[in-house]
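Engineer: next come a sequence and a model predicted from it.
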Amino acid sequence: MGDMNKHMGSFGRVFLVVAGLLLAISNGLAQDYQKIMDLNGSWKFSIGDNQSWASPNHDDSNWESITVPSAWENRGFNGYDGYAWYRTRFYKPKNINKQNLFLQLGNIDDVDEVFINGKRIGKSGSFPPHFSTAYNSNRIYSVPVEYLEEKNIIAVRVYDDIGEGGIIRGEISLLVDRSALPLYINLKGTWKFKTGKYAHEDIANFKDWDDIIVPGFWENQGYKNYDGYACYAYELQIDSDIITDKMILLLGRIDDIDQVFINGVLIGQSGPFKPSTVDKRSDCYRQNRAYHIPESLLKSDEPLLITVRVYDRSQGGGIYKGSVGLISQSNYIDYWHKSRKRR
Amino acid sequence: MNTKSNVHLAPYLIILAVSFLFQLKDAHAERVKTLVNLRGNWKFSVGDDMAWAEKDYDDSNWENILVPKSWESNGFENYNGFAWYRKSFKINEALSQKFLYLNMGYIDDVDEVYINGKLVGASGNFPPLVETAYQIPRVYMIPTSLLLRNKKNTIAVRVYDEFNDGGILTGKIGLYIDTDQEKMEIDLRGYWDFESGSQVDKGNLNCITYREGKILVPGFWEALGYNGLDGQAKYAKEFEYPFPKNNSSKCLFLGVIDDLDEVYFNGWKLEWYRSIRSNEYGYSNHLTYRIYKIPSYLANRDGRNRIEVIVTDKGGPGGIYRGPIGIASIETANKILLRIKNENKSISQRFFDLFAD
């Protein structure tokens, strides 16, 4: 970049700024975090593992104190590998009832599971016996505001395999994301997946299909160089009693076009969902998908089977980016009306 | 004329073309009276809820939005999907005509329009199988009886946009009265029999103006339940009219038709009344005023008369789309023709003025 700057006139710089602006605009739904509370500092700490330590009622007064973030090896637990728990308290920030709250825990070595007031809000990596590390990802977990009370307890269960362990680095804080869509049910995660134009006809056996992480290009998940049709499936159990609003299914961005069913009922598609549709809408891969779910489908307690057929003409394919989940219409309206005011 | 002067002529031709367009607009204005101008601020919400069609729904915490203009340029960048517009208005004057015209301009992609909670017009198809009608000017004929005098009326517009610009984009927005229609001795607007190769669009079945096998005249058929129809369709209407005994001929007004038409009266093909097709600047079928002569011997004086109109649309919007629709005397036809001629003349006047400078 330094070299580039040297050779670039002011016109080039202006161009870069403009290009950056355009990028910012085109990412209408990008995240926009803002720190509202610092959680760096002294936390309660105990090695060992006990599920009851997640509970807000657990008495941690005789636990050790530890500076967060830091590797526990540097705080008197040199050579310790295995389970440990962290706990801290915070007061509910003011005026956050309509905000999208996130807890940022930075880098945790290796695996963690996080509770607020005893309720699990997220997990990264995998605890033994199927251990896998997530040490290099910055943990940002969505915090449902309804979990919060006046005084709140965060409990973090950590497992370290070898080397440094714990909440080791990062900005430990509460964040709000004014641009985030407040989802009712987040459907990011593992979906079922099958390639082929007629994959959807095999939906009865979807449980035997391959796993795929949504969102993410299928090329990065074992389908290198695959273009054409594929089908995603996700079975969702909802409690029809607690759904009081209309629901919208968000599928983030899809490359290139899609056709979406719930329990076999078509709820939306990109144009006529034909390969030629891609020519007519060359930028459809950049559109955020939002489909209104017919209310009749939400009235039963049967599981909802979401089926997304995708056609990708070339390069990256699939549900690849953005918010995936169910959002209530009132939250969706709030989101768009608020985003307007910011501009 | 040498090459050089040809080059000088080019700007004039452009100005001519532009002034011609303005002239068409003026001509339209002259025989159409604005009852309510609906341009300006509307209430707006993204999302979809049929309760928002209701006359007294509380939209006070909705956003304000400028109409006509895409919602993207109103600050809702990147929004696609459902949205609603609402506005209330008052009418103080007494209305004599049975129908008014609601012009909603161009809407991208699909719309349903409610007045006081009643569905009065719909174009395109909502999800899951979206069909756009973005190229169809939304002109809906509204029964006057629907409007409340001296009280609040509410118009609510349900819109779905698939991609790119969305909303009520451009055009005239308002309620209009066709003043030429008042010159008709018999008003032939309203329901005509309609035959075409197409099925009625689902969304139109619930319109208060929908009747099976019929179509409201005038109006683009795309906005009346036949969004995908191009090609031929047949309009027919039977009516009683005591033609005068003095053997005087009458004129049949069929407003403006997109694109071509053949007209039969009691089975006989009618001829154009005078040659209003040929003016010195050529003509476009879809902008030409239709006036046909009904020779007195064709009229069924005591019983029913039947008009059949076969319309061929070559693409884009189609049908008998603008009034007046009715029967009037030859004198009335002459007056209207004279006015059109003057309108045309003013185009040529402008043209010559340019060269006189």
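Structural biologist: It's in.

Engineer: list phi and psi for the residue in the stretch 1-150 of chain B that chain A sits nearest to.
Structural biologist: The nearest approach of the stretch 1-150 of chain B to chain A comes at residue B:78, 3.5 Å away (C-beta to the nearest C-beta). The way it works is simple: take the backbone N, C-alpha and C, and place the C-beta from them, glycine included. For residue B:78, the backbone dihedrals (degrees, to the nearest 10) come out as phi 70, psi 10.

Engineer: where does pLDDT dip in chain A?
Structural biologist: For chain A, applying pLDDT under 70 flags the ranges A:1-31, A:97-99, A:178-180, A:341-343.

Engineer: what about residue B:52, which SS state?
Structural biologist: The three-state assignment at residue B:52 reads helix, by DSSP: H, G, I helix; E, B strand; the rest coil.

Engineer: setting the sequence-adjacent residues aside, check what's closest to it.
Structural biologist: residue B:84 (4.7 Å; C-beta to C-beta, 6 or more residues apart in numbering or on different chains).

Engineer: hmm, the one you found is touching residue B:47, no?
Structural biologist: Yes - using C-beta atoms under 8 Å, residue B:84 is in contact with residue B:47, at 7.4 Å.

Engineer: show me what contacts the residue nearest the centre of chain A?
Structural biologist: Closest residue to the average C-alpha location of chain A: residue A:188 at 5.6 Å, with C-alpha atoms, centre = their mean. If a contact means C-beta atoms under 8 Å, 6 or more residues apart in numbering or on different chains, then residue A:188 has A:214, A:215, A:324, A:325 as its contacts.

Engineer: swap in residue B:184?
Structural biologist: Counting by C-beta under 8 Å, 6+ apart, residue B:184 touches B:253, B:324, B:325, B:326, B:327, B:328, B:332.

Engineer: sticking with residue 155, tell me its helix or strand.
Structural biologist: You didn't say which chain, so I picked chain A. strand A:151-160 (DSSP states H and E).

Engineer: can you look at chain B instead?
Structural biologist: Element membership for residue B:155 (DSSP H and E) is strand B:153-161.

Engineer: what about that strand and chain A, touching?
Structural biologist: No - using C-beta under 8 Å from any C-beta of the partner chain, strand B:153-161 stays clear of chain A, coming no nearer than 9.6 Å.

Engineer: tell me what that strand is packed against?
Structural biologist: Using 3 or more C-beta pairs under 8 Å, 6 or more residues apart in numbering or on different chains; DSSP states H and E, the elements in contact with strand B:153-161 are strand B:81-89, strand B:99-108, strand B:110-115, strand B:167-178.

Engineer: pLDDT (mean, whole number) over it?
Structural biologist: Average pLDDT, strand B:153-161: 98.

Engineer: which residue packs closest to residue A:200, ignoring adjacent ones?
Structural biologist: residue A:231 (4.5 Å).

Engineer: helix/strand/coil for residue A:146?
Structural biologist: Of the three states, residue A:146 takes helix under three-state DSSP.

Engineer: same thing with residue B:338?
Structural biologist: helix.

Engineer: relative to residue B:183, how far out is it?
Structural biologist: Using C-beta to C-beta, to the nearest Å, residue B:338 is found at 13 Å from residue B:183.

Engineer: out of those two, which sits in the busier spot?
Structural biologist: Neighbours were counted for residue B:338 and for residue B:183 using other C-beta atoms under 10 Å in any protein chain shown; residue B:183 has more, 17 against 10.

Engineer: spatially, what comes nearest to that one if we skip its sequence neighbours?
Structural biologist: Spatially, and ignoring its direct neighbours in sequence, residue B:183 is nearest to residue B:332 (5.2 Å; C-beta to C-beta, 6+ apart).
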